[in-house]
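# just a sequence and a predicted model for now, questions to come.
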There are 2 protein chains.
Amino acid sequence: MSKENTQVLFSKRPFGVFDPKETFTIVKNPIPTLADLKDGQLLVKAYYLSLDPAMRGWMNATRSYIRPVEINEIMRGQIVGEVVLSKNPKFKVGDKVQGFLGWQEYALTNGQDIEKITPPPGASLRDYVGIFGGTGKTAYFGLLDGKPKPGDTVVVSGAAGATGSTVGQIAKIKGARVIGIAGSEEKCNWLVNDLGFDIALNYRDPEFASKLAKATPQYIDIYFDNVGGDILDHCLKRIAKNGRIVLCGAISQYNEKQPKGPAFYTALITQRAKMEGFIIFDYAQKFPIAIKDMAKWLQEGKIKRKEYIIDGLENAPNGLLKLFNGYNTGKMLVKVNDENVKSKL
Amino acid sequence: MSKENTQVLFSKRPFGVFDPKETFTIVKNPIPTLADLKDGQLLVKAYYLSLDPAMRGWMNATRSYIRPVEINEIMRGQIVGEVVLSKNPKFKVGDKVQGFLGWQEYALTNGQDIEKITPPPGASLRDYVGIFGGTGKTAYFGLLDGKPKPGDTVVVSGAAGATGSTVGQIAKIKGARVIGIAGSEEKCNWLVNDLGFDIALNYRDPEFASKLAKATPQYIDIYFDNVGGDILDHCLKRIAKNGRIVLCGAISQYNEKQPKGPAFYTALITQRAKMEGFIIFDYAQKFPIAIKDMAKWLQEGKIKRKEYIIDGLENAPNGLLKLFNGYNTGKMLVKVNDENVKSKL
């Protein structure tokens, strides 16, 4: 086994598209030993790291819902892993945990930023950085706060991504008519054939706008926006009276030096519609309900998920860039350590 | 007296800035006589016509909250006037009325689109196309649906206009800290010295953005947007956590061939804020409450208003264009007929 702890530091604040090599620096440090731990500390070995579009925002030194990552700090990120050393009475070696321990193979923590997890039947550890993690909870709270009603037309962009694919499936569970927007025929086929979306539209299709109009004869009651840009404008043109746009993300704009606003936003006036942002941290009290519901739907086969796994923490910077290029279907994860290989420290 | 009925027809659908001469055609027709009236009809002589930014939207053949005005139709508009002929048992000659009777000196109606009015003490007939009309009700419902709390920071753009000046004064009544945005020093002085706004900022000032930031140390709880464009973006940058943007209008964009969306709208995500449109027609059940409150505030001197009166219906097309150039302070009206001159038909 490696005696080194690979860590990824945030090394340069990007402007526009980020260069993985410049933005991050990979360092190797010794793995802490039991003698290095203070009372109350424990060491977590990471198995999987979540890669998320939100990470691009964390790199910017602007006012946000969370402080920006500082230069030379370990890049922020959620992991699932296992306690391998402990001087904390609340955690014992072998406990499975999740938390924001950052882009590193081994993380020292006092335990306040992690929680123990026990995957329910049919779920895996990886689901804690997926369907039970940020993307799943984002889909759950973002959509359900919008109170979709049976028969509502729900449109979701970035539909083949981790959040979008979950949004569409929850909307189906709630009885909505669901239209997914994605960037390839292959993704669209997956949405309709495997996930049960009513319609999936490829935004690269030159006829996209007219197909969207045709697919929404009763207009759009809820548009769950993961992408921003032109697609947001097309959906604004189709928003229903008293419709709601759930602003989840704007992945098409995060790397733009001159982000573009939705020119057609005045449809919010004529249609008495709203456009609202949200951050899942505000729903922390309700996380257990979300996980319980999702676990049930997983078991019942009502929610399916796909993973796109990048092997090795060294490949995380390039992986993150791929996330912005429409490369992946489903949840992008980094396999940091093999969970099946037990190693003695 | 004139035996002719001046009417203004909508003659050409504009794209971008409208040309008053091309867009409208003034016609003269005979004034209907009692013999021309069918049973149930009445004739209203208009005294004042309201000119409103929304009129630009009514000229576009796009999906909206109201059907577009058709070519060669009398231009839509709200008037106050007096019944001068009647074969309708519900209305008698001399009744004062308001309604959407359009840009014409005399209007034939079956009475279903008008209501009788009796100005309360301290108010005038003109107030029914002002503070009790569309602009006043827009201010009242748009602001109060946002539930301003004492101590909230409320920012309003187009603050020296009919709606904006009312929004700011109602916000003061509700205990908010009020910042108005207007386009001249003279308007700003009026807002602070006469209307009691806490701060007024001139958006033409090169230091506007930094002054806005300085004026909103606790950020913006409610931004009432009448203008759109860059000012909307500046306010998005200062929106408070859980803040609310009331989308009332976008006067800076209505005449643009390529309207601009708010590039900084992603602040709605990071600040869990919302941006919401509304149309006062949806509040029709509550109009009497609004008028009662406004009448009380007028009498108590808590709400002041200014009128910008254009003389003669022939000048309405040019007047409407002025509305978009920041020309007026307060409510823009057209004096269609002199309410003090009684004429026998």
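Structure's in. What do you need?

# which phi and psi does the residue in chain A positioned nearest to chain B have?
For chain A, the residue closest to chain B is residue A:261, as judged by C-beta to the nearest C-beta, at 3.0 Å. C-beta: built from backbone N, CA, C; applies to glycine. The phi and psi torsions at residue A:261 (degrees, to the nearest 10) take the values phi -90, psi 160.

# what's the neighbour count on it?
24 (other C-beta atoms under 10 Å in any protein chain shown).

# residue A:37: what's it in contact with?
A:43, A:85-87, A:108 (C-beta atoms under 8 Å, 6 or more residues apart in numbering or on different chains).

# with residue A:142 instead?
Per C-beta under 8 Å, 6+ apart, neighbours of residue A:142: A:163, A:167, A:224, A:246, A:248, A:278, A:280.

# narrow those residues to those that are buried.
Buried positions within the contacts of residue A:142, assessed by neighbour count (16 or more other C-beta atoms under 10 Å in any protein chain shown), are A:163, A:167, A:224, A:246, A:248, A:278, A:280.

# ok, now which ones touch the third one?
Just to be clear, that refers to residue A:224. Residue A:224 touches A:139, A:142-143, A:146, A:154-157, A:164, A:167, A:246, A:248, counting by C-beta under 8 Å, 6+ apart.

# if you set the cut-off to 6 Å instead, what comes out?
Residue A:224 makes contacts with A:156, A:167, A:246, as judged by C-beta atoms under 6 Å, 6 or more residues apart in numbering or on different chains.

# looking at these, which are in strands?
Counting by DSSP state E, the contacts of residue A:224 place A:156, A:246 in strands.

# export the contacts of residue A:224 to a markdown table and tack on pLDDT and distance to residue A:289?
Shown next, in a markdown table, are the contacts of residue A:224 (pLDDT from 0 to 100; distance: C-beta to C-beta, whole Å):
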| residue | pLDDT | distance to residue A:289 |
| --- | --- | --- |
| A:156 | 98 | 22 |
| A:167 | 98 | 17 |
| A:246 | 98 | 19 |
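
# is the closest residue to residue A:61 other than its chain neighbours in a helix, a strand, or coil?
Closest residue in space to residue A:61, ignoring its immediate chain neighbours: residue A:68 at 4.8 Å, by C-beta to C-beta, 6 or more residues apart in numbering or on different chains. What DSSP: H, G, I helix; E, B strand; the rest coil gives for residue A:68 is coil.

# just the buried ones among the contacts of residue A:142: which are in strands?
Reading strands off those with DSSP E, I get A:224, A:246.

# shaky segments in chain A?
Applying pLDDT under 70 to chain A flags the ranges A:1-2, A:343-345.

# tell me which parts of it are close to chain B?
A:64-65, A:247, A:250, A:259, A:261-263, A:265-266, A:268-270, A:272-279 (C-beta under 6 Å from any C-beta of the partner chain).

# tell me which of those fall in strands.
A:247, A:274-277.

# can you put the residues you listed in a markdown table and add neighbour count?
Output for these, formatted as a markdown table (neighbours: other C-beta atoms under 10 Å in any protein chain shown):
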| residue | neighbour count |
| --- | --- |
| A:247 | 27 |
| A:274 | 22 |
| A:275 | 28 |
| A:276 | 19 |
| A:277 | 25 |
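
# could these be laid out in TSV, adding distance to residue B:171?
Listed next are these as TSV, based on distance: C-beta to C-beta, whole Å:
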residue	distance to residue B:171
A:247	26
A:274	21
A:275	23
A:276	22
A:277	23
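
# for residue A:304, helix, strand, or coil?
coil.

# can you get me a residue count around it?
16.

# list the contacts for it?
Residue A:304 neighbours (C-beta under 6 Å, 6+ apart): none.

# switch to 7 Å and redo it
A:194-195 (C-beta atoms under 7 Å, 6 or more residues apart in numbering or on different chains).

# quick one: it and residue A:158, what's the gap?
Using C-beta to C-beta, to the nearest Å, residue A:304 is found at 17 Å from residue A:158.

# hang on, residue A:175 packs against residue A:154?
No. In this structure residue A:175 lies outside contact range of residue A:154 using C-beta atoms under 7 Å: 10.0 Å.

# more neighbours: those two, which one.
Shown here are residue A:175 and residue A:154; by other C-beta under 10 Å, residue A:154 has more neighbours (29 against 13).

# part of a helix, is the more buried one?
No. Checked against three-state DSSP, residue A:154 lies outside a helix; its state is strand.

# now it: how far from residue A:329?
For residue A:154, the distance to residue A:329 - C-beta to C-beta - is 20 Å.

# so what's residue A:219 closest to, chain neighbours aside?
residue A:240 (3.6 Å).

# name the residues that touch stretch A:226-243?
A:155, A:157-158, A:161, A:163-164, A:181, A:203, A:209, A:212-213, A:216, A:218-223, A:225, A:245, A:248-253, A:260, A:262-265, A:267, A:271-273.

# again, only using 6 Å
A:155, A:157-158, A:163-164, A:203, A:209, A:212, A:216, A:219-221, A:223, A:225, A:248-253, A:262-264, A:267, A:271-273.

# stretch A:146-159 too?
A:164, A:167-168, A:171, A:174-182, A:191, A:216, A:218, A:220-227, A:231, A:235, A:244, A:246.

# flag every buried residue along it.
A:146, A:148, A:152-159.

# on that earlier part again, helix or strand: which one has the residue nearest to residue A:219?
Assignment of secondary structure by DSSP states H and E places residue A:240 within strand A:239-247.

# what distance do you get for residue A:22 to residue B:118?
Counting by C-beta to C-beta - residue A:22 and residue B:118 are separated by 73 Å.

# likewise for residue A:249?
54 Å.

# between these two, which is the more surrounded one?
Taking other C-beta under 10 Å, residue A:249 and residue B:118 do not tie; residue A:249 has more neighbours (27 against 9).

# just to check, the more buried one is in contact with residue A:53?
Yes. Counting by C-beta atoms under 6 Å, residue A:249 touches residue A:53, with 5.4 Å between them.

# partners of residue A:154 in the sheet?
Residue A:154 has these beta-bridge partners by DSSP bridges: residue A:178, residue A:222.

# residue A:108: what's it in contact with?
Residue A:108 sits next to A:32, A:41, A:43 when contact means C-beta under 6 Å, 6+ apart.

# how about a markdown table for the residues you listed, with secondary structure and neighbour count added?
Shown next, in a markdown table, are those (DSSP: H, G, I helix; E, B strand; the rest coil; neighbours: other C-beta atoms under 10 Å in any protein chain shown):
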| residue | secondary structure | neighbour count |
| --- | --- | --- |
| A:32 | coil | 17 |
| A:41 | coil | 17 |
| A:43 | strand | 26 |
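
# pull the number of nearby residues for residue A:221.
If we define neighbours as other C-beta under 10 Å, then residue A:221 has 24 of them.

# name the element residue A:295 belongs to?
Assigned by DSSP H and E, residue A:295 falls in helix A:287-299.

# excluding sequence neighbours, find me the nearest residue to residue A:47.
residue A:339 (4.2 Å).

# need the nearest residue in space to residue A:255, chain neighbours excluded.
Per C-beta to C-beta, 6+ apart, closest to residue A:255 is residue A:17, 4.4 Å.

# from residue A:325, how far out is the one you found?
Per C-beta to C-beta, residue A:17 is found 10 Å from residue A:325.

# next: residue A:219.
31 Å.

# buried set for stretch A:17-27?
Using 16+ other C-beta under 10 Å, the residues of stretch A:17-27 that count as buried are A:18, A:20, A:23-24.
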